[in-house]
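**Student:** next comes the sequence, and after it the predicted model I'd like to discuss.
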Amino acid sequence: SGTVGTGDGITLSSGGTNEALDGSLDDVRIYSRALSADEIASLAAGKHPETSIATTTLGATLDVHGDLILNSGTLDVSADSYTIKVGGDVIRNGGLFTARSGSVTFDGATTQRLDTDTITLHDLTVNTGTMLDLGSATALHADGALANNGALKQSKVADGTKTAFLQITDGSGAQDSYLGVEIDPGSGHMGSTAVTVWGNQLCPSARGGVLRCFELAPTTPQAATVRFYYTEAERNGQDSATLEVYHSNEADKKWDKEAGLYERGGCGDAQYVQVTGVDEYSPFALSESHLHEWLRYWRYLPIVSKR
């Protein structure tokens with residue numbers, strides 16, 4: 001590092017006749033100021049230092065068919081709180097986002113990433129057929145309504161303590177906007193674990209139950225106590241006092257009931273079923289008793305078509 005004066009020559013990749021760089025250079029940047037230690041750390045993490053303080057204020061709905069990248073400055077949805085629709089990833093390198101009372105909708109046809117350290121939205125919608133992957137580092141907050149009509153995914157390390165996945169709060173951290181799963185392996189070590197929650201829909205092979213489907217994928221499967229959350233709107237007429245947890249048994253083409261100790265509770269958008277001793281990790285569904293027997297019966301129902 002140092003200061004370059006007007007008229008000074010700059011040589012890249014070499015400090016002299018016998019000091020040539022054995023390699024190649026990629027992503028050369030020149031700034032008009034010295035970077036702070038935090039900005040240098042952001043660069044090392046693949047982010048960008050903030051190079052602009054300008055604010056871009058929306059004057060209409062913004063529909064982005066590709067990636068929305070906030071490198072610097074501020075994107076403001078304006079006092080009219082215009083909607084933003086995104087078909088690709090949202091990447092916040094150094095820029096800021098002013099959510100106001102606006103909504104952000106993820107409506108891509110494939111998995112979309114939210115790549116940032118932290119971001120606060122107001123209303124958030126994940127459309128049907130869309131998966132929003134929060135990765136392992138993103139702290140997402142939603143001050144308004146969160147509608148998961150597709151899938152939300154998050155990866156964390158689940159080792160030796162209770163770990164909450166897809167627990168999305170408001171910007172202050174005081175109010176839960178969405179609850180996914182809690183995994184407690186006790187003294188076990190499950191390593192990096194990916195949790196996906198499909199909202200407002202049944203698991204593909206389920207014919208009834210709560211309108212939420214779960215997939216837990218630990219690196220090292222261990223017996224754990226798992227709490228599965230759902231909302232009142234997703235309860236789908238099921239009796240919350242008798243809900244049970246089933247995991248998909250692909251080999252036998254049926255659903256097997258988890259046989260551990262049960263706890264049921266919560267209210268409104270924070271209802272849950274908790275069960276101990278979960279040690280097989282495949283898609284999970286919540287339903288009243290006898291889901292496994294009913295599905296087995298369903299397989300052998302005659303198919304009658306009208307001609």
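**Tutor:** Cool, got the structure. The structure displayed is predicted, hence computed values, not measured ones.
**Student:** just for the stretch 1-150 of the chain, where's the confidence low?
**Tutor:** Where the stretch 1-150 of the chain drops to pLDDT under 70, the residues are 1-2, 7, 9, 12-19, 45-52.
**Student:** where do the strands sit along it?
**Tutor:** Under the criterion DSSP state E, counting those that start in this stretch, strands of the stretch 1-150 of the chain are mapped to 55-57, 62-64, 68-70, 74-76, 84-86, 90-92, 96-98, 103-106, 111-115, 118-121, 123-126, 131-133, 139-142, 146-148.
**Student:** note down every partner strand of the longest one and its orientation.
**Tutor:** Under the criterion DSSP bridges, strand 111-115 sits next to strand 90-92 (parallel), strand 131-133 (parallel) in its sheet.
**Student:** ok so, going back, redo the strands of the stretch 1-150 of the chain as a markdown table? Include mean neighbour count.
**Tutor:** To be clear about C-beta, it is placed using only N, CA and C from the backbone, and glycine gets the same treatment. As requested, the strands of the stretch 1-150 of the chain are exported to a markdown table (neighbours: other CB atoms under 10 Å):
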| stretch | mean neighbour count |
| --- | --- |
| strand 55-57 | 13 |
| strand 62-64 | 15 |
| strand 68-70 | 18 |
| strand 74-76 | 17 |
| strand 84-86 | 20 |
| strand 90-92 | 21 |
| strand 96-98 | 17 |
| strand 103-106 | 22 |
| strand 111-115 | 19 |
| strand 118-121 | 18 |
| strand 123-126 | 22 |
| strand 131-133 | 20 |
| strand 139-142 | 20 |
| strand 146-148 | 22 |
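**Student:** and of those, who's closest to residue 180?
**Tutor:** Among these, strand 146-148 comes nearest to residue 180, with 9.0 Å by CB to CB.
**Student:** for that closest one, packing partners?
**Tutor:** Applying 3 or more CB pairs under 8 Å, 6 or more residues apart in numbering; DSSP states H and E, one finds that strand 146-148 makes contact with strand 123-126, strand 176-178, strand 189-199.
**Student:** ok, now with 7 Å
**Tutor:** strand 123-126, strand 176-178 (3 or more CB pairs under 7 Å, 6 or more residues apart in numbering; DSSP states H and E).
**Student:** right, and residue 83 touches residue 61 too?
**Tutor:** Yes. The pair residue 83 and residue 61 passes the contact test of CB atoms under 7 Å, sitting 4.8 Å apart.
**Student:** compare these two (neighbour count), which wins?
**Tutor:** residue 83 (17 against 14; other CB atoms under 10 Å).
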